[in-house]
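Peer 1: Would you be able to build a 3D model of this:
(chains A and B)
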Amino acid sequence: MKAFLAALLCALAVPALAADTVKIALTGPYSGGSAPMGTSTRDGSKLAIAEINAAGGIQIGDKKMKIEIIERDDEAKNERGALIAQELASMADLSGVIGSVNTGVVMAGDKHLQEKGITKIICPAAGSASMTQWAKPDGPTELSIFRFAAHDGIQAAMVVEEALRLGFKKVAIFYDSTNYGVSGRDDLLNQIKKQGDKLEVVASEKWNIGDKDMTAQLLKAKAAGAQAVLIWGIGPELAAIANGKAKVGYNVPLIGGWTLSMSNYIDNAGANGNGALMPQTFIEEKGISPKIDKFINDYHASYKVERIPSPVSAAQGYDAVLIFVEAIKQAQSTDSRKIKAALEDLKTPVKGVIATWTKPYTKWDRSNVETHEAFRRAQTVMGKVQDGRVTFSNPADRDRLKAQAAK
Amino acid sequence: MPESIIAQMAVSGALMGLVYALIAYGFQLTFATSKSLNFGQGELVMVSAFFSLTLLTLGLPYLLVVPAGLLFGAAVGMAVERTGVRLALEQRSEGWILLTIIIGLFLFSFAENIWGRDDRPFPTPIPSTPFHVFGVDVTPLEISVLVGVLAVMGMIELFKRQTLLGKAVEAVAADRDAAELMGISATRTVVLSYALSGGVAALAGILVSPITTVGPTMASALVLKAFSVAVVAGLESGFGVVVIGLFLGALESLASFYLGSGWREAPGLILLILALAVRPTGVFGKAVIRKV
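Peer 2: Got it, this is the predicted structure:
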């Protein structure tokens, strides 16, 4: 009996020793229609974490602490997201959270984390509402939620810019009925107004998640004479639109959110998917810089794939971890509130695969949502789907990135 | 609005409606002989599609995949009959309702665990580049649905009318007790009808997958509509499901065009309510007088 008790005590003591780790939670949809983004983010983050752990961990005081991952699949369901956020918020020794793909999940869950002061970097959910929900006159003065993704405000601006650059006058706006789609539509309408009201919206059509037949929406846009379809949705339905477009003989480009680069869009649309244009923060293409080549090679080798399911998510997941870890080093603590303070005033630039991040965030100001947004227009390029891959739509962007990397 | 667009909408929708008709036909087949339905028919469509996709990715040619898929569907159909329906029927209970739903749920988890939760493309040699007939764009893929549905339904109807075994099916459908007195095994006939119904479901899966992609939830919407088609048409008439299927498909398509994409399902549901209120035996159904 005594021996048993001793063994039990030992077993109980192990978690206490495990306090020598930094606990970071990774969340996102690892199954379903949003899975390419969720798994790529997670796997990109894990790549960074593995590198840090292989080097011994993070130096905090006189100790080197390894990172321990807590992984949760929210299945892109808002109610799952809320449950997971509640669970994470109740963990006493959690340093922070990185993840979330779906705007609805963010809206359902983040309030629980904010309440307990748990630092979260939203990555790669891009819907504007995820951050603007805090940026109100009566919003919080301290915010522990940050975002690491080119938010839809930037993306919508680029989409409208691109439509104008290509000389279109009449466009259709297509969107899905989720929080993401509807807020994307609003961003597009705002941007069209902002950029001089030069585009006439001749059709505004929506669909539900799971819809496969988009003939009605497409024929409406075609009959109205739309020269391009500005679109906000996720992979499987975007593919259904691309296929439907070919079927009804409606040959206009799709220009839309970065979700047009998802593998389930590219694969399910096949040749019909070619020519789709979308903002990208990262293009899976070698030869730009050794750091990018190494990241792509490591990802392919670690997860045994020839193509990253969602390169943007993977690269953002990777860089988000590097930034978070830099904040831990600066804070010299695993306390989530101290990490938040460090993130708001990061002293050392972080060399990531997307860019070198110099002061990505500043002190939260509820009248300026950009204080907790890392991406600006400059870190984003226009991508184009070509034969099963995403390439640079504008070759000048490739040269610009190469020049930046060479500096 | 130009007529060509209306025609295009109607034709595209109607061809999709044929898939509803095919699944509805699967309901009819088993209902005729056993007065029972497989409420997991949608899951049968889905697992058969996944099975066929697996054969395709293993490198089997499409022309072999189709019969293999049909056989698989028939086998699953028979398994459903054995495990979910037979005992309930012998006990004259309605247990088959719950049992077939449970088998459907089981097939769903089975598919999620084996093939994952993602939607996958279904490669097919039938091209999807449209051609132009009478001012309407149609793809060979849609034509394959038309041909496949009509061919299989025609064959089964011929089988029921021309062969001895088929006549046995008809006899059991007409009067189970009288047929048994004539030496026809009702149990075996019910098994046969479940096998046919499973094969039909598999065909629906194979035909629709290239258009909708394959995923665990692919048939959940389809099967509900197929059920409306079966009820509106009546659970007796094979010809009826084709007509109602075409009609409902076209109606959905036109509704989403004129009323907006959010209203797509509404006319179908109204039609269902009307049919149940006005003609509970279905538009093409025969009122049966039960002698007590």
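Peer 1: which ones are touching A:S261?
Peer 2: A:S261 sits next to A:278, A:280, A:310-312, A:383, A:385, A:390 when contact means C-beta atoms under 8 Å, 6 or more residues apart in numbering or on different chains. Bear in mind the C-beta positions are built from the backbone N, C-alpha and C, glycine included.
Peer 1: Let's see that with 6 Å instead.
Peer 2: Neighbour list for A:S261: A:278, A:383, A:390 [criterion: C-beta atoms under 6 Å, 6 or more residues apart in numbering or on different chains].
Peer 1: Including secondary structure, could these go into JSON lines?
Peer 2: Formatted as JSON lines, those follow (DSSP: H, G, I helix; E, B strand; the rest coil):
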{"residue": "A:M278", "secondary structure": "strand"}
{"residue": "A:G383", "secondary structure": "strand"}
{"residue": "A:V390", "secondary structure": "strand"}
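Peer 1: So which of those is the closest to chain B?
Peer 2: A:V390 (17.9 Å; C-beta to the nearest C-beta).
Peer 1: Can you report how many residues lie near the closest one?
Peer 2: 28 (other C-beta atoms under 10 Å in any protein chain shown).
Peer 1: got it, and the one 10 residues further on?
Peer 2: Applying the criterion other C-beta under 10 Å, we find 14 residues in the vicinity of A:R400.
Peer 1: again with the one 4 residues further on
Peer 2: By the criterion of other C-beta under 10 Å, A:Q404 has 13 neighbours.
Peer 1: What's the separation between it and chain B?
Peer 2: 36 Å (C-beta to the nearest C-beta, to the nearest Å).
Peer 1: again with A:V312
Peer 2: Relative to chain B, and taking C-beta to the nearest C-beta, A:V312 is found at 19 Å.
Peer 1: can you put the contacts of A:S261 in TSV and add pLDDT and distance to chain B?
Peer 2: Below are those laid out as TSV (pLDDT from 0 to 100; distance: C-beta to the nearest C-beta, whole Å):
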residue	pLDDT	distance to chain B
A:M278	94	20
A:G383	93	21
A:V390	92	18
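Peer 1: Does stretch A:226-237 reach chain B?
Peer 2: Yes - applying C-beta under 6 Å from any C-beta of the partner chain, one finds that stretch A:226-237 is in contact with chain B at A:P236.
Peer 1: what's the straight distance from one end of that stretch to the other?
Peer 2: 20 Å (C-alpha to C-alpha, to the nearest Å).
Peer 1: nearest to B:A266, of the contacts of A:S261?
Peer 2: A:M278 (33.2 Å; C-beta to C-beta).
Peer 1: what kind of secondary structure is the spatially closest residue to the closest one that is not a sequence neighbour in?
Peer 2: Leaving aside its sequence neighbours, A:M278 sits nearest to A:L260 (C-beta to C-beta, 6 or more residues apart in numbering or on different chains; 4.0 Å). Following three-state DSSP, the label given to A:L260 is helix.
Peer 1: Quick check: the gap between A:L260 and A:I296.
Peer 2: 20 Å (C-beta to C-beta, to the nearest Å).
Peer 1: So for these two, which residue has more residues nearby?
Peer 2: The neighbour comparison of A:L260 against A:I296 (other C-beta under 10 Å) goes to A:L260, with 29 against 21.
Peer 1: So that one is in contact with A:A276, correct?
Peer 2: Yes - judged on C-beta atoms under 6 Å, A:L260 makes contact with A:A276 at a distance of 4.5 Å.
Peer 1: on that earlier part again, let's have the contacts of A:S261 in TSV, adding distance to B:I184.
Peer 2: Formatted as TSV, the contacts of A:S261 follow (distance: C-beta to C-beta, whole Å):
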residue	distance to B:I184
A:M278	63
A:G383	66
A:V390	63
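Peer 1: At the geometric centre of chain A, which residue do we find?
Peer 2: A:P124 (1.1 Å; C-alpha atoms, centre = their mean).
Peer 1: Would you confirm that that one contacts A:S313?
Peer 2: Yes - with contact defined as C-beta under 6 Å, A:P124 reaches A:S313; the gap is 4.8 Å.
Peer 1: joint contacts of these two?
Peer 2: A:T41.
Peer 1: List the buried residues in the host helix or strand of B:G154.
Peer 2: In this structure, B:G154 sits in helix B:140-162 according to DSSP states H and E. Neighbour-count burial for helix B:140-162, counted by 16 or more other C-beta atoms under 10 Å in any protein chain shown, picks out B:141-142, B:144-145, B:148-149, B:152-153, B:156, B:160.
Peer 1: do the same with stretch A:90-102
Peer 2: A:94-102.
Peer 1: now, among those, which is nearest to chain B?
Peer 2: The closest of those, once distances to chain B are taken by C-beta to the nearest C-beta, is A:V101, at 14.2 Å.
Peer 1: what about that closest one, which SS state?
Peer 2: Assigned with three-state DSSP, A:V101 falls in the coil class.
Peer 1: in chain A, which segments are predicted with low confidence?
Peer 2: Low-confidence segments of chain A, defined by pLDDT under 70: A:1-19.
Peer 1: do the same with the stretch 1-150 of chain B
Peer 2: Applying pLDDT under 70 to the stretch 1-150 of chain B flags residues B:1-2.
Peer 1: Hmm, A:Y175 is touching A:G181, no?
Peer 2: Yes - at 3.8 Å, A:Y175 and A:G181 qualify as touching, with contact defined as C-beta under 6 Å.
Peer 1: Return every residue with contacts to both of those two.
Peer 2: In terms of C-beta under 6 Å, 6+ apart, A:Y175 and A:G181 are both contacted by the residues A:W232.
Peer 1: Now do the contacts for A:A203.
Peer 2: A:172, A:220-221, A:224, A:226.
Peer 1: which ones among the residues you listed are found in helices?
Peer 2: Residues of the contacts of A:A203 located in helices (DSSP state H): A:220-221.
Peer 1: got JSON lines for the contacts of A:A203, with neighbour count too?
Peer 2: Shown next, in JSON lines, are these (neighbours: other C-beta atoms under 10 Å in any protein chain shown):
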{"residue": "A:A172", "neighbour count": "24"}
{"residue": "A:K220", "neighbour count": "23"}
{"residue": "A:A221", "neighbour count": "27"}
{"residue": "A:A224", "neighbour count": "16"}
{"residue": "A:A226", "neighbour count": "26"}
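Peer 1: Farthest-apart pair in the contacts of A:A203, please.
Peer 2: It's A:K220 and A:A226 that sit farthest apart of these, by C-beta to C-beta, at 8.9 Å.
Peer 1: re earlier: so is the helix holding B:G154 next to chain A?
Peer 2: No - applying C-beta under 6 Å from any C-beta, one finds helix B:140-162 separated from chain A by no less than 8.3 Å.
Peer 1: so how far is whatever helix or strand comes next after that helix off the chain centroid?
Peer 2: Next in sequence after helix B:140-162, counting helices and strands by DSSP H and E, comes helix B:164-174. On the basis of C-alpha atoms, centre = their mean, to the nearest Å, helix B:164-174 sits 21 Å off its chain's mean C-alpha point.
Peer 1: other SSEs contacting helix B:164-174?
Peer 2: Here helix B:164-174 touches helix B:3-34, helix B:140-162, helix B:186-212, going by 3 or more C-beta pairs under 6 Å, 6 or more residues apart in numbering or on different chains; DSSP states H and E.
Peer 1: can you list the residues that contact it?
Peer 2: B:32-33, B:159-160, B:179, B:184, B:186, B:189.
Peer 1: Export that helix to CSV, keeping only CA atoms.
Peer 2: Only the C-alpha atoms of helix B:164-174 are listed here, as CSV (Å, rounded to 0.1, in the frame of the first residue of the first chain):
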residue,chain,number,x,y,z
LEU,B,164,-40.8,-14.7,-63.7
LEU,B,165,-38.7,-13.3,-60.8
GLY,B,166,-39.9,-9.8,-61.6
LYS,B,167,-43.5,-11.0,-61.7
ALA,B,168,-43.0,-12.5,-58.3
VAL,B,169,-41.9,-9.0,-57.1
GLU,B,170,-45.1,-7.6,-58.5
ALA,B,171,-47.2,-10.3,-57.0
VAL,B,172,-45.7,-9.7,-53.5
ALA,B,173,-46.3,-6.0,-54.0
ALA,B,174,-49.9,-6.6,-54.9
